[in-house]
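# fold the following.
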Amino acid sequence: MSKIAVLNLLFANPKTLNPEKFCEKYAKKQKSEWGYRANWNKLLAYVLDVSEKTVESWGPDFENCPEKYQKRLAEIDALKIAEAILKKHGLSQEFLDALD
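The predicted structure follows:
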């Protein structure tokens with residue numbers, strides 16, 4: 001499968017990503033570490049452009065997180081994966097521009 005096909009798959013049908021899974025993957029602190037909750041709340045508030053109080057209102061396991069935010073987290077995850085693929089293969093923005 002080509003690199004472009006992989007990128008197309010990532011963005012073709014954005015799914016949802018639970019905030020807990022997102023934080024396990026990208027937060028500086030893991031669930032077993034002291035202060036992880038504050039760290040996770042700050043990360044989610046930042047990437048979703050909402051207040052920390054909003055994130056806190058979703059509950060201890062983020063069970064009340066609206067689907068629109070879970071979709072956004074899936075999109076961010078896809079972007080991070082695409083970025084890693086491009087970097088791994090030494091592809092740049094110039095390469096992508098040349099595909100047009």
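# show me what the longest helix seen in the chain is packed up against.
Counting residues, the longest helix in the chain under DSSP state H turns out to be helix 67-88. Helices and strands in packing contact with helix 67-88 are listed as helix 3-12, helix 19-26, helix 36-48; criterion 3 or more C-beta pairs under 8 Å, 6 or more residues apart in numbering; DSSP states H and E. In short, each C-beta sits where N, CA and C put it, glycine included.
# rank those by mean pLDDT and give me the bottom one.
Note on the helices and strands packed on helix 67-88: lowest mean pLDDT is at helix 3-12, with a mean of 58.
# so which bits of the longest helix of the chain are buried?
Buried positions in helix 67-88, judged by neighbour count with 16 or more other C-beta atoms under 10 Å: 69-70, 72-78, 82, 86.
# state the pair within the residues you listed that is farthest apart.
Using C-beta to C-beta, the buried residues of helix 67-88 span at most 25.8 Å, a distance reached by 69 and 86.
# can you add distance to residue 20 and pLDDT and give the buried residues of helix 67-88 back as JSON lines?
Below are those laid out as JSON lines (distance: C-beta to C-beta, whole Å; pLDDT from 0 to 100):
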{"residue": "69", "distance to residue 20": "13", "pLDDT": "97"}
{"residue": "70", "distance to residue 20": "11", "pLDDT": "97"}
{"residue": "72", "distance to residue 20": "15", "pLDDT": "95"}
{"residue": "73", "distance to residue 20": "10", "pLDDT": "97"}
{"residue": "74", "distance to residue 20": "13", "pLDDT": "95"}
{"residue": "75", "distance to residue 20": "17", "pLDDT": "92"}
{"residue": "76", "distance to residue 20": "15", "pLDDT": "94"}
{"residue": "77", "distance to residue 20": "13", "pLDDT": "93"}
{"residue": "78", "distance to residue 20": "18", "pLDDT": "89"}
{"residue": "82", "distance to residue 20": "23", "pLDDT": "82"}
{"residue": "86", "distance to residue 20": "27", "pLDDT": "79"}
